[in-house]
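> compute the structure for the input listed below.
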Amino acid sequence: MVVQPTGSGNLTLTSVDIKAGDGGPGGQSNLIPGELVFELYATYGFPVDLTQIMAAERGLEVDLAGYEEAMQKHRQLSGAGKAFQAAAALDLPPTDDGAKYRMDPIDAKVLGWVIDGRFVADGRLEVGQEVGLVLDRTNFYAEQGGQVGDTGVIAWEGGKFAVGDTQLAGSGIVHLGAVEIGTLGAGQAVRAQVDPRRLDIMRNHTGTHLLNWALREVLGGHVNQAGSVVAPDRLRFDFSHNQAVKAEQLAAVERLANERILADEPVEAKVLPLAEAKKIPGVRAVFGEKYPDPVRVIVIGQGRRQSAEFCGGAHLGRTAQIGLLKIIAEESVAKGVRRITALTGRGAVAHVQQLDEIVRAAAGAVKTAPAELPDRIAAMQKELKDLRKGRGGGGPAAAAPAGFQPLHTVESPAGKVLVGTYPSADAAAMRSECDRQRQKGAAALLLGAAEGAKVMLVAMVSEELAGAGRLRADEWVRAAAPVVGGSGGGRPTLAQAGGKLPDKLPDALAAAAEFARKALA
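This next block holds a predicted model:
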């Protein structure tokens, strides 16, 4: 298989080359090995569902069983934790999860627990023991279909088991967590209570369906779901589209989704024979997904605006319970596949309030009204441009580097080491700016930029500093990236990282400056 980077930094699946013996005559096969699919995911972060889509476009199939086997080996070798060990214990007694869509507590009985990959049905658990608890019935939703597993509490008289995740393991449901109070034994009666954050998950899941509908309304019927994540703090939706979504299109998508939220439309879950469900006008299904018969269908609204999707996830009863849907990012994840990240409910409100605070603070800094801020910024940019051209009196401002604002300076034997901000989270432009500053004598630079919910860090270090082991670009960005919730790497002389916490950028740049001071001390 050949994977090539595109100009935007994304990956493109260009061909599949399977060695002789892997397939049919001549060594060729239309089945992409699971190990290769896993390598795409583990090395490049390339999702398996996107590999399936791109493979299908070329008449190929993905060895999902082989992919799962490779994933399991990786989890065992990397010690990924008891969550994966529990999921590996497939020979579990069945759990009745018919109450998984309910928020109210239910009574249940402990059947046993999974520890170190084994199912145990006797003895007792003490405080601090981390296991995968198995009950005869549960109202906890196990991670599947893009929706994350529930958290919550399993309690009994004088005791509590805190659930940090819920996973499906064969016909059993595994509640991953630890005893916090008391002791717990097999056969004991307990009460299962899902964390209230489930309501936020439900807001994001119903919001995902409205977003899917709105995208087709604005962009066209070619839009198909290519993967999703439904968590309590956000929703992420991947879809087929061969170009960036324009700002005005995103605004239209957001407006349509919120119109349906304000309309307080009913959200109905129907369980129908698969053949009958497929006849529902406009019903949607995820590419490559296998659905049971009968199948669960989520229907929102009615008439021309009706949305209908095969879905086993947890949803609200009415759209108005979402409150608000706010798109915070749109980006490319593969050729022909885009990704939208959005917030709903409390998260969306908090995000809008934060943006309002930022705008008001920026307006106050330049002494103008918030509504006049774009015009004021445009005027300031023109003034700065004139100064750089020498028409505004010259002086220090005329010599200021274009767009780069140094915040920290560290002296080194090779020259100045600069850390500062750049106005655009464009890695190529940031690298060019680093080149310009290096030509002007800087020994090393680390630039940080925040654009919407995206943070970009780029570091460039001279051969002299990097070669002497005094300061390496890859180590430099790795010291700053976690502060903005990201990661990265590269070469000793050039590296970059991404993040998702723009408000933490000043702290990240301060951390980068401190790292450079210590490295060069």
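
> for residue 339, grab the count of nearby residues.
Counted with other CB atoms under 10 Å, the neighbours of residue 339 add up to 20. Where you see a C-beta, it was placed from the backbone N, CA and C, and this is true even at glycine.

> so in terms of bridging, what pairs with residue 326?
Beta-bridge pairing for residue 326 (DSSP bridges): residue 343.

> any idea how far residue 259 is from it?
Between residue 326 and residue 259 the computed distance is 14 Å (CB to CB, to the nearest Å).

> cool, residue 492 as well?
For residue 492, the distance to residue 259 equals 53 Å [CB to CB].

> between those two, who's got more neighbours?
residue 492 (17 against 14).

> tell me how far the nearest residue to residue 113 once chain neighbours are set aside lies from residue 185.
Leaving aside its sequence neighbours, residue 113 sits nearest to residue 131 (CB to CB, 6 or more residues apart in numbering; 4.1 Å). Distance, residue 131 to residue 185, using CB to CB: 12 Å.

> shared neighbours, those two?
Between them, residue 131 and residue 185 share these contacting residues under CB atoms under 8 Å, 6 or more residues apart in numbering: residue 125.

> so for the two, which residue has more residues nearby?
residue 131 (23 against 12).

> so what's the model's average confidence on the helix or strand containing the more buried one?
According to DSSP states H and E, residue 131 maps onto strand 130-135. Strand 130-135 shows a mean pLDDT of 95 in the predicted model.

> from residue 342, how far off is residue 354?
To residue 342, residue 354 is 15 Å away according to CB to CB.

> of those two, which one has the most company?
Taking other CB under 10 Å, residue 354 and residue 342 do not tie; residue 342 has more neighbours (25 against 12).

> wait, the more buried one sits on residue 324?
No - Residue 342 lies out of contact with residue 324 (CB atoms under 8 Å); the separation is 10.2 Å.

> which neighbours do the two have in common?
Shared contacts of residue 342 and residue 324, defined by CB under 8 Å, 6+ apart, comprise residue 348.

> just the strands in the stretch 401-521 of the chain please.
Secondary structure of the stretch 401-521 of the chain (DSSP state E, counting those that start in this stretch): strands located at 405-412, 415-421, 444-451, 454-461, 487-490, 494-499.

> err, the stretch 251-400 of the chain, not the other one
For the stretch 251-400 of the chain, applying DSSP E, counting those that start in this stretch gives strands covering 267-272, 295-300, 307-310, 325-334, 337-344.

> how close does the residue nearest the centre of the chain get to residue 110?
Centroid-nearest residue in the chain: residue 236, 6.3 Å away (criterion: CA atoms, centre = their mean). Distance, residue 236 to residue 110, by CB to CB: 35 Å.

> for residue 325, same thing?
Separation of residue 325 from residue 110 (CB to CB): 40 Å.

> that older thread, give the pairing partners of the strand holding residue 131; include direction for each.
Applying DSSP bridges, strand 130-135 is found paired with strand 106-115 (antiparallel), strand 172-181 (antiparallel).

> next SSE downstream of that strand?
Taking DSSP H and E, what comes next after strand 130-135 is strand 152-156.

> what's the angle between that next one and strand 172-181?
Using axes from the mean of the first three to the mean of the last three CA atoms, to 10 degrees, the direction of strand 152-156 lies 70 degrees away from that of strand 172-181.

> contacting residues around strand 152-156?
In contact with strand 152-156 (CB under 8 Å, 6+ apart) are residues 108, 133, 135, 140, 160-163, 175, 177, 182, 184, 188-195, 198.

> and the helix or strand just after it, how far from the chain's centre?
Later in the chain than strand 152-156, the nearest helix or strand by DSSP H and E is strand 159-169. Put simply, strand 159-169 sits 23 Å off its chain's centre (CA atoms, centre = their mean, to the nearest Å).

> for stretch 262-269, same thing?
In terms of CA atoms, centre = their mean, the centre of stretch 262-269 is found 27 Å from the chain centre.

> for the closest residue to residue 224 other than its chain neighbours, name its beta-bridge partners.
Distance criterion CB to CB, 6+ apart; nearest residue to residue 224, sequence neighbours excluded, is residue 240 at 4.7 Å. Legend: beta-bridge partners of residue 240 under DSSP bridges are residue 337.
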